[in-house]
Structure formats: structure tokens, C-alpha cells
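Colleague: Give the three-dimensional model of this entry:
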Amino acid sequence: MAEIVIVRDEQEAGGLIADAIVALITGKPDAVLGLATGSTPLATYRALAERIGERRIDVRGVRGFALDEYVGLPAGHPESYRAVITREVVEPLGLTPELVRVPNGDPTGIEHAGRDYEAAITAAGGVDLQILGIGRTGHIGFNEPGSSLASLTRVKTLTAPTRADNARFFDSPDDVPMHCITQGIGTILRARHLVLLAFGEAKAPAVAAAVEGPVSASQPGSAIQLHPHATVVVDEAAASRLENVDYYRHAWANKPAWQRI
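Modeller: Numbering: from 1, shown residues only. Predicted coordinates for the structure are as follows:
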């Protein structure tokens, strides 16, 4: 079962996860981070940047792998996830750009881009800590409902709700690409620690399905139940549909001091 942590807001969540990442990097200077995009992890990245700067932590050896990328956006497009990761993670944290990988969404060579990305993750020794958000449809990465729980990095077709959610980042809804390349659920589950973040009432049904519902390809987020070390950090609104919320609060309040998330 995943550990459920209910916090006041995104800032508290960001500080909690940033502290966990700092502890990881301190013990393993070449740690491998799995990097999510979107608005959900921004507070975590901001808190992590603050801690790195204040404590003068050397992150030059830290490696990273983004979850996904759009297929077909021109090189340098500001909403490509390569650009987003550079803008929101690599530069603020001071990571070495060459050590942070994003799936290749160039249509040229897209047939083998998934295999190439899987090989790169394997060569790096696997992901130590994977940051995840969850979509209203229950998707993690761009693994939409119906995705195989054993799936690896591959090209997927985005659903209408996902494209609508992402339209705010583009000039027009029609500009949102129809296809993406994403780490598969099987790829995500190979990470040694999963950290899923969710905020707001709109995410409450997906969180409840992921944490307490049956494990099903119809709810891709539910695959975290299969992981031996998964942490779900949510605010009160995102936790509002959870049936066992009192137990989650009790377990967190009484967690042994020596245990980390």
C-alpha cells in the first residue's frame, strides 16, 4: 500500500519532497531523478532550488529523465517538454544539461525513440526517485486509460480531456499535439521510489481510484499500488474522496522518526 500524506497546500508538499530529494542527493551525488512537468510539481522544484542554493549542494552529477514529450513540436518550441524541463528544472536547480534526458519527439526516428529511451534509463542504472502527477482521467505520464500496466516507453494518442487540460499552455486548443511519447507504466514502476503529487478537488476522484480502487488499466494511476515504495502527497481537497483518510492521518502522525518518506 502506498503511504498517503495529507498536507495543507502545495508549498508544504514541495518542502517535504524537496527534503527527500536533498537527502537522496547527499547520499548519492549521481542520483537519477524522474522528472514530471505541468503545474503540479512546480512547488517541489522551487523548494528544491532554494535548498540547493542555501546549502550549496553540488548537483553537477545528478541525472534526470523526463516522463514524456509531445510528438512533432518544432525544435525549440516553448511548450515542448525539453524546453519546460530546461526552464523549470535544469536552470533553477543548476543541473548539468547534458545529464538530463527527454524522450525524442522528432517524427524522424520516432519508431525507435521508445527503445532508445528505455536503453538510456537502463544504462543510467534506473531512476531513484520518480515524481508523478495524475490527470483527471487517472493518467500518469501520458499513459491514458487502457494503457497496459506492463507498457514501456512508446508513442500514445492523447485523449480529448488531456488535450483540453493542456490547451492552456498553447495559443489554441488545436495547437495541442495529438500524439506524445511517454514512459510506460512498466517503466515508471521500475523506479525505486514513486512520489505522486495531487492538489485540488478536481483531482480527488483520480486520487481515490489510484489509492483505494482496484488495480486496473482503466485507472492507470492505480498501478502505484503494485509498487513497494510509493508516496502519495495530496492536499485536503485532493484527499476529499478517500475513505480511509483517518487512518492515513493516524499513520503519518505516528510514523517512527527514523523513517523517511
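
Colleague: so where's the stretch 51-200 of the chain shaky on pLDDT?
Modeller: Along the stretch 51-200 of the chain, the model assigns pLDDT under 70 to no residue.

Colleague: can you do 90?
Modeller: Across the stretch 51-200 of the chain, the ranges flagged by pLDDT under 90 are 74-76, 158-162, 165-166, 168-169, 171-173.

Colleague: all strands in the stretch 101-250 of the chain, in order from the N-terminus.
Modeller: 129-132, 154-157, 179-182, 193-198, 230-235 (DSSP state E, counting those that start in this stretch).

Colleague: Stretch 117-129: which residues count as buried?
Modeller: 117, 118, 121, 124, 127, 128, 129 (16 or more other Cβ atoms under 10 Å). (Glycine included, C-beta is placed from N, CA and C.)

Colleague: before we move on, what about stretch 68-87?
Modeller: Neighbour-count burial for stretch 68-87, counted by 16+ other Cβ under 10 Å, picks out 68-71, 73, 77, 79-86.

Colleague: Filter these down to the ones in strands?
Modeller: Secondary structure from DSSP state E places 68, 69, 70 of the buried residues of stretch 68-87 in strands.

Colleague: I'd like those written out as a markdown table, with distance to residue 164 added.
Modeller: As requested, those are exported to a markdown table (distance: Cβ to Cβ, whole Å):
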| residue | distance to residue 164 |
| --- | --- |
| 68 | 17 |
| 69 | 19 |
| 70 | 15 |
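
Colleague: Can you give the contact residues for the strand or helix carrying residue 44?
Modeller: Element membership of residue 44 [criterion: DSSP states H and E] is helix 42-55. Residues outside helix 42-55 that contact it (Cβ atoms under 8 Å, 6 or more residues apart in numbering): 10-11, 13-15, 17-19, 21-22, 57, 59, 88-89, 92-94, 131, 197.

Colleague: give me that answer again for 6 Å
Modeller: Residues outside helix 42-55 that contact it (Cβ atoms under 6 Å, 6 or more residues apart in numbering) are 10-11, 14-15, 17-18, 21-22, 59, 88-89, 92-93.

Colleague: do the same with stretch 94-107
Modeller: Contacts to stretch 94-107, defined as Cβ under 6 Å, 6+ apart, come from residues 59-60, 62-66, 69-72, 81-82, 85, 90, 113, 117, 120, 181.

Colleague: So which of the residues you listed belong to helices?
Modeller: Secondary structure from DSSP state H places 81, 82, 85, 113, 117, 120 of those in helices.

Colleague: since we're on the residue nearest to the fourth one when sequence neighbours are not counted, how many residues are nearby?
Modeller: For residue 113, ignoring the flanking residues on the chain, the nearest one in space by Cβ to Cβ, 6 or more residues apart in numbering is residue 104 at 4.4 Å. Counted with other Cβ atoms under 10 Å, residues neighbouring residue 104 total 18.

Colleague: just residue 100 next, same as before
Modeller: Residues near residue 100, counting by other Cβ under 10 Å: 20.

Colleague: Give the bridge partners for it, please.
Modeller: residue 64 (DSSP bridges).

Colleague: how much space is there between it and residue 178?
Modeller: Computed with Cβ to Cβ, to the nearest Å, the distance linking residue 100 and residue 178 is 26 Å.

Colleague: returning to what we had before: make a markdown table out of the strands of the stretch 101-250 of the chain and add distance to residue 143.
Modeller: Putting these into a markdown table (distance: least, Cβ to Cβ, whole Å) gives the following:
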| stretch | distance to residue 143 |
| --- | --- |
| strand 129-132 | 10 |
| strand 154-157 | 7 |
| strand 179-182 | 6 |
| strand 193-198 | 13 |
| strand 230-235 | 16 |
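
Colleague: Residue 257 is nearest to which of those strands?
Modeller: strand 230-235 (16.9 Å; Cβ to Cβ).
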